[in-house]
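>>> requesting a structural model of the entry that follows:
(chains A and B)
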Amino acid sequence: MTKTKVIYKIGDDISTDIIYPGRYMATVLPTETPAFAFDDIQELNELLKNGDNSTPRTIVCGKNFGCGSSREQAASTLKGHNLIIIAKDFARIFLQNSINLGLQTVICPQIEANVGDELEVSEGKVINKTSGKTFETVPLPPARQAIVDAGGLIPYTQKRLKEKLGTKCGNCHN
Amino acid sequence: MGQTVVQKILARATGKDKVAVGDVVEPKIDIAMSHENGALVLNQFLEIYKGLGHAPKVWDNSRIAIIFDHRVPAESKKTATNQKKLREFVAEQGITKFHDIRGDEGGICHQILVENGYVLPGSVVVGTDSHTTTHGALGAFAFGIGATEMAAVWALGVAFNIEVPPTIKVVVSGKMPKYISSKDLILYLIGKISAEGANFKVLEFHGETIENMSINERLTLSNMSVEAGATSGIIPADKITEKYLREVANYKGDIHPVLPDSDAKYDRIVEINVENLVPQIACPHTVDNVKPVTEVLGLPIDQVVIGSCTNGRLQDLETVTNIVRGKKVARGTRLLVFPASYKILSEALDRGYVSDLIKAGAVVMNPGCGPCLGIHQGALGDGERALATTNRNFKGRMGNPNSEVYLCSPAVAAASALKGCITDPRGEE
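Residues are numbered from 1 along each chain as shown, chains lettered A, B, ... in the order given. Modelled structure (predicted):
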């Protein structure tokens, strides 16, 4: 279970161009992308950069969040701010990128929450502690859960690659 | 029970007789394409190899394609350095399908793959670009993925944990009226089923209208399938596909079209008759905000953009040239033309299109993505309005959140450039 607070609400069909504008696409490293999150929504960009992110903060979104481009920066920029993204539903590539990078995305079709509300996110449900209401979440398909369980796609691929290459000593190059 | 095209392709790519919708499979990848964002793929690929005690090595250097198109020539030192790193990686790994910034072989990735015969009917194609759906026009299963997922493909040659998607069958009938193109059809479809109407699903196109369509027009349909959320937009291969592969792409090997079974099970069927279709336009700021052009006639336009992986092909340039030849682009309106590849530009030069376009006042740019994604070449000023044959009109897409982008066909774009406002090409003869 994760305790979190809603810091922003945003509507339907939020594209990856809004999340991470195309003009920053030459910036690729996950360590460098967070500075440009929602750069065209200045108040949100500043909220993310200046607020306390020691515990996860939540953005509540409408339907089809992350539609558009496959740019992975849209997931890494949000991951860098230690965010939880709760949406009615997500666009496919964005959702997969989030799973691959370990950005916590929650599919919650009925979610009702306002800025400032305290939430508890756990398996199968989101509890809005402020309103007292509970909302069911849609579980990830088991195939995707395997990547989450491995800690992201890089560790998952490493495991698979090790099986293929056979384990070798990392220092002696034999 | 019969299978759809995507089921058959995924069965083949996983060595099975059949797969069912919802099955989790690991298809072997035939082509893995990246553009400049290959720089991030490379970073993630090296991460995967960290500590494994093996030198990083791609699974198959003949199946990876790297094509520079998004920011060509480089607009910044960052892009130039990313391109340099990729060039070095391509040389080190011996990657063969590399298209650098060159006048003899460059262009937009989604045009380069098809015109070089890299994609075949039945191929499984992944690309770190959402418009990878384009390649479904040749009867392939082609879909966009993120950079880390591509790094896994570079390492192992398979896509992990793919769920066999359900398919929406789109049946199109009727003869296309004059000045109506596949762009109008796909905009109409997106407006009808919404920007998420095909999320996590495949669109499979059928019907006499599709059967009579050129590959150029089919590519536009598959390209924009992703704007309805589709994983892929597949057009079963036929004689026209084969003719294109032989005569345009110069492909010499075997071709095995993958066709759906007659009793394939579809998620739903959408039927469209195009006989009375009018020019369509997607208004700001979502691609499904589609209206008949007649509802927005006369709206002033600052910049017209013709090009992109959606509508930058020879047939598109021909349509535009035929409309503007001997006339002038309206003062106060900029007409920017971006051919989708140098092969197309070269043919447009041979046919005199470029000369006609320039004389009319158009600016003909180098092949590439141009201003479509707002990085360089043709950003919009505050309060400006663009009309584009590209594929997205999201807020800020063309580089400025205080501007508007409308999406339309090449014919609407050309007629509007002459008038300086949104114009119906059907009334302008």
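>>> relative to B:Ser34, how far out is A:Leu29?
16 Å (C-beta to C-beta, to the nearest Å). Where C-beta positions appear, they are placed from N, C-alpha and C, glycine not excepted.
>>> same thing with B:Ile358?
33 Å.
>>> looking at A:Leu29 and B:Ser34, which is more packed in?
B:Ser34 (27 against 11; other C-beta atoms under 10 Å in any protein chain shown).
>>> how about the residues of the stretch 301-429 of chain B that lie near chain A?
By C-beta under 8 Å from any C-beta of the partner chain, the residues of the stretch 301-429 of chain B that approach chain A are B:Leu373, B:Gly374, B:Ile375, B:Arg392, B:Phe394, B:Lys395, B:Gly396, B:Arg397, B:Gly399, B:Pro401.
>>> same thing but at 6 Å, please
Proximity of the stretch 301-429 of chain B to chain A (C-beta under 6 Å from any C-beta of the partner chain) is limited to residues B:Leu373, B:Gly374, B:Ile375, B:Phe394, B:Gly396, B:Arg397, B:Pro401.
>>> helices along chain A, start to end?
Taking DSSP state H to define them, one finds helices in chain A at A:16-19, A:42-50, A:73-79, A:92-101, A:142-149, A:153-165.
>>> show the contacting residues for residue 109.
The chain I'm using is chain A. A:Pro109 is in contact with A:Lys88, counting by C-beta atoms under 6 Å, 6 or more residues apart in numbering or on different chains.
>>> my question was about chain B, not that one.
B:Met33, B:His35, B:Ile67, B:Asp69.
>>> circling back to that earlier point, can you put the residues of the stretch 301-429 of chain B next to chain A in JSON lines and add secondary structure?
As requested, these are exported to JSON lines (DSSP: H, G, I helix; E, B strand; the rest coil):
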{"residue": "B:Leu373", "secondary structure": "helix"}
{"residue": "B:Gly374", "secondary structure": "coil"}
{"residue": "B:Ile375", "secondary structure": "coil"}
{"residue": "B:Phe394", "secondary structure": "coil"}
{"residue": "B:Gly396", "secondary structure": "coil"}
{"residue": "B:Arg397", "secondary structure": "coil"}
{"residue": "B:Pro401", "secondary structure": "coil"}
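>>> any idea how far the residue of chain B positioned farthest from its centre is from B:Val41?
In chain B, counting by C-alpha atoms, centre = their mean, B:Gly53 sits farthest out from the average C-alpha position, at 39.3 Å. Here B:Gly53 is placed at a distance of 22 Å from B:Val41 (C-beta to C-beta).
>>> before we move on, what about B:Thr96?
Taking C-beta to C-beta as the measure, B:Thr96 and B:Val41 are separated by 17 Å.
>>> looking at these two, which is more packed in?
B:Val41 (29 against 12).
>>> may I see the buried residues of the host helix or strand of that one?
Here B:Val41 is covered by helix B:38-49, with elements defined by DSSP states H and E. Residues of helix B:38-49 classed as buried: B:Gly38, B:Ala39, B:Leu40, B:Val41, B:Leu42, B:Asn43, B:Gln44, B:Phe45, B:Glu47, B:Ile48, B:Tyr49 (neighbour count, 16 or more other C-beta atoms under 10 Å in any protein chain shown).
>>> who are the contact partners of the first one?
I take that to be B:Gly38. By C-beta under 6 Å, 6+ apart, the neighbours of B:Gly38 are B:Ile66, B:Leu86.
>>> can you check the fourth one too?
Counting by C-beta under 6 Å, 6+ apart, B:Val41 touches B:Ser34, B:Ala147, B:Met150, B:Ala151.
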